[in-house]
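Novice: mind looking at a prediction? Sequence and model below.
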Amino acid sequence: MKIEKLVIYGFGKHENRTIVLGEQMILFDGPNEAGKTTIQQFIIQVLFGFPARNQTQLRYEPKNGGKYGGQLYLTDPQYGKLIIERIKGKSAGDVTVTFEDGRRGGEADLKQVLRNYDRASFEAIFSFSVHELQGLDQLSEAELSRTLLASGTTGIDALTHLESQLEKQMSELFKKSGRKPLVNALAEELREMEKELKDYRQRAELYSPSIERLQLIEQRLQAIEDEEMTKDQELKEIRKWQQAAPLFANKLKLTSQLDKLEMEQFPAEGRRQMDRLVDQLTQTKAEIEHLNNHLNRLTNPDKADSMEFIENLLNRESDWHQLNVQLAQKQNEAIELTEERDELLALLGLTEQQAMIVDVSLNQEEQLAERLKELDLEEENQRFTQRYLQEEKNNLARAEQDLAKFLAQEPTEKERLAAEQWPQISSQLAEARAASNFQKGNTAQDQLVKFALIGVGLLVAAYGFFQSTILLIVIGLATMGAGLWLFVKTAKSDELPANYAELLEKYNGKEQEYETIAKKVAEFDLQLDALMNNVEKSKKNVANYSSIKSNSEAEKAYRQLLLEIGLSSTVRRTMAMELFEKLRKVHASSSRLLRIKDEIEQLKAQQKEWLDKAQRACGKDIATEGLMASLRSELSVRKQKQEHWNKVKSEQSSLQEKYDQLRALQKQLEKEQQTLLTYAHAEEVFDFYRLADQWEKKQELERALQLTQAQLQSIGNVEGPPNWELEDAQRAIEQIQAGLNQLKVERNELLKEQADKYQLTQTLVSDTSYEEKLQQFEETKATFVDLAKQWSVNKAIVEAINQTMNELKEKKLPAVLTNAQRYFRKLTNGAYYELNMNQTGFFEAKRQDDTYFPISELSQATKEQAYLALRLSLAVSMKESHPFPIIMDDAFVHFDRSRLQQMINLVKELQEEHQFIYFTCHEDMQQAWPTAQIIHLANTERSVHS
């Protein structure tokens, strides 16, 4: 970030001053009271705000009145060029940040530009004087870590003050071996009070057992009374007593519980009413608090400026947009026409002058189209002839190829001979098959007789063998012999002629094979004839198409016409018409472009008139591109300002009215709540709910008791068991009487004990010292707990700060110290080459002879050089996150000539990345820094801020 210019409206003794700062080192020179510190404070206060009137820092308000504040012109690597203006307003002044794009912002945007830095953090690193360079001997490692922490978050003073304040509060609250701190004193007081309470409790220990014993006695007396009544009833009716016994027991229990509850009255539906009132009171108080905070936050805004002229312009927005659209359309059309014409000329390979002399009339176009048709017809005929010639050549090649492939499948001589002989052989084979079938038909019956004789003979012989009958065996064998003799006799008469038998043996079953061979040979001969005919036909067609000759009369006429039009005769006919059309488009584009340029000039004049009106309406410069947006933005700002004013006034009135209503409602609810508490004899809401629980329990017990009594009444009079004897009843009566006597004795003893216990408890109840001491103990204990919590919170915050310091020390401090050592070595011209922390956490310098010196033992100038090295190292380490200029007030006044030159060399090295602004009253600094921009404050020219 660099400061380019200062514009001072009025600040201290400076009024209406403009100071331009260059890129190099800026040196403000002037005598005492020339206003150097005033300009330094002007830069800081414009950036971070004017100090409050109750602060120790000076506000530098103009002595002669006039406008208070000024402007800073900045260049920031992230936000670009900025103008920061701060004038008199609220406590810190009203600030306006104007960005490079015209956008404006306020305090929030300025905080972003300043990287959320405050004044204290800035002055801790980037702005210092010679007095602030004299404290390095007191600067420890922890304080440097705090400075680093402050440079990234808040001010070092605030952080140090916070930690010291917390530690002071902690020491006031508690010390490990102290007695005066509050927590220590309260702890001692609690121990004393606890001893006193222990004595009271020992005395009161007799009270609780006595009360418990009284309750037990009361319960027992009631039980004795119930038992006596029960036994009397048993004497009258044993069975009724048996049935009613459980009910009496339940009644006894309920009665005992009711006796313990001493409440006499409670509001009807009291719990529900109290719940409603508590909820409504809580909600009402929250709403009152919210409204009160809201009312406190509301401020009275200013009214807006006039909006009539801006609204009139916005009402004609459609005219403006139509004008811009027309202008954009015309400009785009001109660009498109120019690009189209240039593209056409580039495609044509002609200049505009050459293209414009070409005759593109309709007559020439018609003649060119006619010549192209003739040329197309001529070329089409040639292509037709060539295409058919090629097709016939292809057909001839395919026919010859098919013929060659077909001849490779020609039947063998054996197959062709078999095919020629098969018709004759097939007829002879039919005759032989017929003769064979006839012979088989005649001998079939004889064969059956022969087999029958052999079979019968075999069966008879076998039967005779099994029956051991010789006669049957002989007959069977004779029959078999007759059958065999007939087979031998007819064997020769069954043979066919020799030629028929040979044919049947050679061809029988192969008829299909020979038929296939004959068919194959016949089909081959037919296909061979067809293929031979195709080859001859293709040869004739090739010869016919090859004899046709071509001419080129149409092409000559086409070339001649191109020359007459003004085109090259080498233009291909496929591009001729397209070229002609493009030339015609070039002619049309040139004419249209001249007309559009005139229309554009007229539209621009209308646009400028609109812009002048808008700037007068808004009172500021407006860009043409965002004219309507700027008008709407300005109108919106003014409307929002007016609406905000109306809204705030209306909201204040509405909130105040609602606030009054809620306050009245709160009082009414509190009154109703107090009425319920009074009726229930309760001191607070907690007691009320406790009494409500007791009242609900009492009502439940009464309902249960009523139910029990109703059940007892429903039992009625019941007689004793019918199977009882008089002796049994008498025996039961005697037993009951004995029980009644025992109960009477026990009751008398209990009544005596009850009187003694009651007297003791009354004496203990009248002493209220224990309750008072216990209440005092609880209050002191609560105070002790609150203080302990406060100490714990402070301890946690201090530990968090220390932990942050330690982390910062480990991460950021080493790099800062490394750079600081390098700068310190350079500033001292190598006399000291290290700047370290000793074991106690304070700085010490190491000389060339390895001798260590605490900072307090160094000369004043060397101390300042060490501290300056640390300051510059901190600034360099924060270059990326906080690129602020470095402002120094006579920081080199104690340097000798040699070390001053080293300081100048170091600043020259760093000023490429940082802007340095130096204030001095010593004239010799000008000679020591000849390349710096010298600004003499006593002679600075005055200029009126516009």
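Specialist: That came through, no problem. Numbering: from 1, shown residues only.
Novice: least confident secondary structure element in this protein?
Specialist: Lowest mean confidence among the helices and strands of the chain (mean pLDDT, DSSP states H and E): helix 141-152, at a mean of 48.
Novice: all helices for the stretch 701-850 of the chain, in order.
Specialist: Using DSSP state H, counting those that start in this stretch, the helices found in the stretch 701-850 of the chain span residues 726-765, 769-811, 813-827.
Novice: out of the ones you listed, nearest to residue 186?
Specialist: Of all the helices of the stretch 701-850 of the chain, helix 769-811 sits nearest to residue 186, with 4.4 Å by CB to CB. Just so you know, the C-beta spots here come from the backbone N, C-alpha and C atoms, and that holds for glycine as well.
Novice: and the nearest residue to residue 24 once chain neighbours are set aside, how many neighbours?
Specialist: Residue nearest to residue 24 in three dimensions, not counting chain neighbours: residue 933, with 5.6 Å by CB to CB, 6 or more residues apart in numbering. Neighbour count of residue 933, defined by other CB atoms under 10 Å: 15.
Novice: and for stretch 906-921, what are the contacting residues?
Specialist: If you take CB atoms under 8 Å, 6 or more residues apart in numbering as the criterion, stretch 906-921 is touched by 1-3, 21, 24-32, 34, 36-37, 39-40, 43, 823, 826-827, 872, 875-876, 879, 883, 885-891, 893, 925, 929, 931-932.
Novice: need the buried ones from those residues selected in ChimeraX.
Specialist: Typed into ChimeraX, the line below selects the buried ones among the contacts of stretch 906-921, using 16 or more other CB atoms under 10 Å:
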select :1,2,3,21,25,26,27,28,29,30,34,36,37,39,40,43,823,826,827,872,875,876,883,885,886,887,888,889,890,891,893,925,929,932
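Novice: just the contacts of stretch 906-921: which are in strands?
Specialist: Counted as lying in strands by DSSP state E, out of those, are 2, 3, 26, 27, 28, 29, 886, 887, 888, 889.
Novice: now the nearest residue to the first one once chain neighbours are set aside. Its backbone dihedrals?
Specialist: So the one you mean is residue 2. Among residues not flanking residue 2 along the chain, residue 915 sits closest, at 4.4 Å (CB to CB, 6+ apart). The phi/psi pair for residue 915 (degrees, to the nearest 10) reads phi -90, psi 130.
Novice: how close does residue 915 get to residue 72?
Specialist: Using CB to CB, to the nearest Å, we find residue 915 at a distance of 12 Å from residue 72.
Novice: ok so, going back, most packed of the helices of the stretch 701-850 of the chain?
Specialist: Neighbour counts (mean count of other CB atoms under 10 Å) averaged over each of the helices of the stretch 701-850 of the chain peak at helix 813-827, with a mean of 19.
Novice: low-confidence ranges, the stretch 751-900 of the chain, go.
Specialist: Per-residue confidence for the stretch 751-900 of the chain (pLDDT under 70) gives these ranges: 763-770, 800-812, 840-841.
Novice: hang on, the earlier thing: between the helices of the stretch 701-850 of the chain, which one is nearest to residue 57?
Specialist: Closest approach to residue 57 among these is made by helix 769-811 (25.9 Å; CB to CB).
Novice: alpha carbons of the helix or strand where residue 187 lies, as PDB, please.
Specialist: Residue 187 belongs to helix 182-204 when elements are defined using DSSP states H and E. Taking C-alpha atoms only, helix 182-204 is exported to PDB below (Å, rounded to 0.1, in the frame of the first residue of the first chain):
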ATOM      1  CA  LEU A 182     -11.600 -12.100  49.000                       C
ATOM      2  CA  VAL A 183     -11.600 -15.800  48.300                       C
ATOM      3  CA  ASN A 184      -9.100 -16.500  51.100                       C
ATOM      4  CA  ALA A 185     -11.000 -14.400  53.600                       C
ATOM      5  CA  LEU A 186     -14.300 -16.000  52.700                       C
ATOM      6  CA  ALA A 187     -12.800 -19.500  53.000                       C
ATOM      7  CA  GLU A 188     -11.700 -18.700  56.500                       C
ATOM      8  CA  GLU A 189     -15.100 -17.200  57.400                       C
ATOM      9  CA  LEU A 190     -16.800 -20.300  56.000                       C
ATOM     10  CA  ARG A 191     -14.700 -22.500  58.200                       C
ATOM     11  CA  GLU A 192     -15.600 -20.500  61.300                       C
ATOM     12  CA  MET A 193     -19.300 -20.500  60.400                       C
ATOM     13  CA  GLU A 194     -19.200 -24.300  59.700                       C
ATOM     14  CA  LYS A 195     -17.900 -24.900  63.300                       C
ATOM     15  CA  GLU A 196     -20.800 -22.800  64.700                       C
ATOM     16  CA  LEU A 197     -23.300 -24.700  62.600                       C
ATOM     17  CA  LYS A 198     -21.900 -28.000  63.800                       C
ATOM     18  CA  ASP A 199     -22.600 -26.900  67.400                       C
ATOM     19  CA  TYR A 200     -26.200 -25.800  66.500                       C
ATOM     20  CA  ARG A 201     -26.800 -29.100  64.700                       C
ATOM     21  CA  GLN A 202     -25.700 -31.100  67.700                       C
ATOM     22  CA  ARG A 203     -28.200 -29.200  69.900                       C
ATOM     23  CA  ALA A 204     -30.900 -29.600  67.200                       C
END
